[in-house]
Structure formats: C-alpha cells, structure tokens
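Peer 1: Quick check, what structure comes out for this input:
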Amino acid sequence: MTDLTNEFDRIADIFVVLNDDVQLGKMMSSPGLKCNGKMFAFHCKDGMGFRLGLGFDPDTFGLKNPKPLSPFKTKPPLKGWYIVSENESDKWEALATHALEFTRTL
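Peer 2: As a prediction, this is how the structure comes out:
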C-alpha cells in the first residue's frame, strides 16, 4: 500500500465513522465515498477526485492545479468533478468535507 492509499483510507475511515449518511463505494473501479447513494470522492492513480460543483473556486483552497475529471475519450469532462494530485494531498480531507457538504445539497 502506498502512502496515498493510506491517506485515502484514513480520510474514508473518518468520514464513515463520523457521518451516518456516508458509506464506502466505488467510482470507475476505484475506492470512493458516497453520501445517500451519490459519490462525492474517490481515490485514483492521479490523486483523489472530488464532486465540488460548478461554482467551485480552486483559489478558496489554495489549489495550484486541479484538473477536471475527464474519464471518457469522446465526451467532455464531468461537470463539477475535479482531480487533485498527490502533491496537494494535504488538502484532501478539507476537499472531501466540501464535497460531502455539496453532495448533501443535491
């Protein structure tokens, strides 16, 4: 297991224990977190993906280079989803909190 997998697992454990509406899940075969059946975060080879919404401002979290989640070759990126690289893994927990709060509004 890599340090980044351990970091995702640590965050996942916290969210599942502290939130009755959060469960473990899968997104694109990767481990993730869901709230009431809706995915809001997942671990991937490029970092961690978050559902942050269309109005999300990366500067709010001081993110240097979040990338839109674009898993399909012939389709546009998924709206409101971002991949945050391992270089900014120190922000993952705060981003997961934001993603959970946003997802609860859907």
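Peer 1: Can you get me a residue count around residue 35?
Peer 2: The tally of other residues near residue 35 (other C-beta atoms under 10 Å) stands at 22. (Glycine included, C-beta is placed from N, CA and C.)
Peer 1: ok now do it, which residues does it touch?
Peer 2: Neighbouring residues of residue 35 by C-beta atoms under 8 Å, 6 or more residues apart in numbering: 19, 21-23, 100, 103-104.
Peer 1: again, only this time at 10 Å
Peer 2: Residue 35 sits next to 15, 19, 21-23, 25, 41, 51, 99-104, 106 when contact means C-beta atoms under 10 Å, 6 or more residues apart in numbering.
Peer 1: Make sure residue 91 is indeed in a helix.
Peer 2: Yes - assessed with DSSP: H, G, I helix; E, B strand; the rest coil, residue 91 lies in a helix.
Peer 1: Not counting sequence-adjacent ones, nearest residue to it?
Peer 2: residue 61 (5.5 Å; C-beta to C-beta, 6 or more residues apart in numbering).
Peer 1: Tell me the first helix or strand C-terminal of the lengthiest helix in the chain.
Peer 2: Taking DSSP state H as the criterion, the chain has its longest helix at helix 3-18. On the C-terminal side of helix 3-18, the closest following helix or strand by DSSP states H and E is strand 22-27.
Peer 1: and that next one, which residues are buried?
Peer 2: By 16 or more other C-beta atoms under 10 Å, the buried positions in strand 22-27 come out as 22, 25, 27.
Peer 1: Now do the longest helix of the chain: which elements does it pack against?
Peer 2: Applying 3 or more C-beta pairs under 10 Å, 6 or more residues apart in numbering; DSSP states H and E, one finds that helix 3-18 contacts strand 22-27, strand 30-35, strand 38-44, strand 47-51, helix 92-104.
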